[in-house]
Every structure is written in structure tokens, then in C-alpha cells.
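S.K.: Predicted model and sequence follow; I will ask about them next.
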Amino acid sequence: MEKPTKKVSAGITVKRGHILIAKRRLSDSYGGLWEFPGGKIEKGETPEKCLVREFDEEFGMKIKVGPFFCASSSHGPESSVEIQSFLCKAKGPLKKMTAHDEWRWIPIHELRKFDFPPADLPILEKLIATNISEDF
């Protein structure tokens with residue numbers, strides 16, 4: 001039987017040279033690890049619309065979705081995940097937290113200090129290697 005593949009959109013949210021990361025709930029898969037916020041793309045939804053919806057639902061935050069950043073995937077024994085990541089700008093404050101245990105704005109050079117799920121690691125490495133601009 002073929003493993004299910006989750007199609008996910010992730011927001012690389014940039015604010016004053018810092019990136020928003022969120023800690024997964026302990027009860028979730030990869031619980032306790034940090035991630036670039038986003039979520040599962042629903043049927044008929046674009047990755048960009050997914051990000052706008054997820055940030056609103058999970059953080060009460062309005063964002064502007066910018067250019068595509070990179071794709072990443074991870075294949076485990078139970079399931080696989082394909083991530084499309086986009087640069088985003090916060091257009092307002094983070095008002096609530098409904099799907100994570102914690103959130104932080106961190107400088108890019110500190111990303112390796114946090115534990116991320118396997119599918120997020122290529123995104124993390126590209127962020128560190130790239131000079132991210134907030135001009136989009």
C-alpha cells in the first residue's frame with residue numbers, strides 16, 4: 001500500500017531580519033520540534049491561499065505572501081510530506097496561538113540552535129545560505 005503524501009505550504013515570515021518559528025505541540029507528530037508555520041493545503045486551494053488561511057486560524061495574524069522560496073520533502077515509514085515554502089511579511093501582530101506550544105522571532109543565524117522536522121531542514125539550510133530580503 002502506498003504511503004499518503006501530505007501537501008503542505010510553509011511561510012518563511014520575515015520581520016526586521018528575524019524569522020517566525022513555532023514549536024509543535026507535544027501531542028502532534030514531531031511534537032516538541034520547531035517549524036516554519038503553515039499547514040496542509042486543502043482541495044482546490046493554492047499554497048498561497050493556504051498560508052493566508054493558516055496564519056489567520058493559528059495566529060490571528062495577517063500576512064502578505066511573497067515569492068516562492070523552495071520546495072522540500074521527507075519520506076517516513078508512515079507518511080510523506082511535500083512542502084512548498086514562500087517568503088511572507090507579517091501585516092499585523094500575532095494575536096493568538098491555537099496549534100503550537102510556543103513561537104519566537106529569531107535571527108536567521110540562530111536557526112540551527114532549534115530542532116526541526118526532517119522536511120524543514122533543507123528550507124533552514126537555504127535560509128542560512130541566502131541573504132533574505134524583506135523587499136517584496
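M.R.: Alright, I've got the coordinates. Residues are numbered from 1 along each chain as shown.
S.K.: Give the buried residues for the longest strand seen in the chain.
M.R.: Longest strand of the chain, by residue count under DSSP state E: strand 63-75. For strand 63-75, burial by neighbour count (16 or more other Cβ atoms under 10 Å) applies to Ile63, Val65, Gly66, Phe69, Cys70, Ser72, Ser74. (C-beta placed from N, C-alpha, C; glycine too.)
S.K.: what's the burial count for Pro117?
M.R.: 16 (other Cβ atoms under 10 Å).
S.K.: Need the nearest residue in space to it, chain neighbours excluded.
M.R.: Tyr30 (4.2 Å; Cβ to Cβ, 6 or more residues apart in numbering).
S.K.: That neighbour reaches Ala22, doesn't it?
M.R.: No. Between Tyr30 and Ala22 there is no contact under Cβ atoms under 8 Å: 11.9 Å.
S.K.: Between the two, point out the one with more neighbours.
M.R.: Ala22 (21 against 18).
S.K.: Leaving out sequence neighbours, find the closest residue to the residue nearest the centre of the chain.
M.R.: With distances taken as Cα atoms, centre = their mean, Phe36 lies nearest the centre of the chain, 2.5 Å away. Take Phe36 and drop its neighbours on the chain: the residue closest to it by Cβ to Cβ, 6+ apart is Ala10, 4.2 Å away.
S.K.: Turn the buried residues of strand 63-75 into a markdown table, including pLDDT.
M.R.: Listed next are the buried residues of strand 63-75 as a markdown table, based on pLDDT from 0 to 100:
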| residue | pLDDT |
| --- | --- |
| Ile63 | 96 |
| Val65 | 97 |
| Gly66 | 96 |
| Phe69 | 97 |
| Cys70 | 97 |
| Ser72 | 96 |
| Ser74 | 90 |
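S.K.: closest to Arg112 among these?
M.R.: Sorting the buried residues of strand 63-75 by how near they are to Arg112, with Cβ to Cβ, puts Ser72 at the top with 16.2 Å.
S.K.: what's in contact with the longest helix along the chain?
M.R.: When the chain is parsed with DSSP state H, its longest helix is helix 47-59. Residues outside helix 47-59 that contact it (Cβ atoms under 8 Å, 6 or more residues apart in numbering) are 9-11, 13, 22, 37-42, 45, 61-63, 65, 84, 86, 88, 94-100, 103.
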